[in-house]
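Student: This is a predicted model, with the sequence first.
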Amino acid sequence: MSRLFWMVLGAALATYLVTRGRALMRRFTPQGIAQQVERRGNEAAVGLGDFYATFKAASRAREAELRRELDIETT
């Protein structure tokens, strides 16, 4: 019984390692690297868009506050 347990455990571990190894190797192919670069570029673009939207909203709010304080008409 003990030998069967270790044999099954070894087969399961080998299967897991082969699967993970193939996934790791796929990441380092030219297509895998291109996918990673594309994903990171999209994430950066989304982050930059969020930053720009937040910046513009804060800028408009501050401008409106200053216009109210200085009694400047809004154009």
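Tutor: Noted; the coordinates are in hand. These numbers were taken from a predicted model, which means no experiment stands behind them. Residues are numbered from 1 along each chain as shown.

Student: Now do the contacts for residue 11.
Tutor: With contact set as CB atoms under 8 Å, 6 or more residues apart in numbering, residue 11 has no partners. Heads up, the C-betas are built off the backbone N, CA and C, glycines and all.

Student: host element of it?
Tutor: helix 2-27 (DSSP states H and E).

Student: need the longest helix for this protein.
Tutor: When the chain is parsed with DSSP state H, its longest helix is helix 30-70.

Student: where does this protein dip in pLDDT?
Tutor: Applying pLDDT under 70 to the chain flags the ranges 75.

Student: most centrally placed residue in it?
Tutor: The C-alpha lying nearest the average C-alpha coordinate of the chain belongs to residue 43 (CA atoms, centre = their mean; 5.2 Å).

Student: Would you check how far apart that residue and residue 49 are?
Tutor: To residue 49, residue 43 is 11 Å away according to CB to CB, to the nearest Å.

Student: can you check residue 37 too?
Tutor: Using CB to CB, one gets 19 Å for the distance from residue 37 to residue 49.

Student: State the number of residues packed around residue 32.
Tutor: 14 (other CB atoms under 10 Å).

Student: Name all residues that make contact with it.
Tutor: residue 26.

Student: Let me see the backbone angles for residue 28.
Tutor: phi -100, psi 10 (degrees, to the nearest 10).

Student: That'll do, ta.
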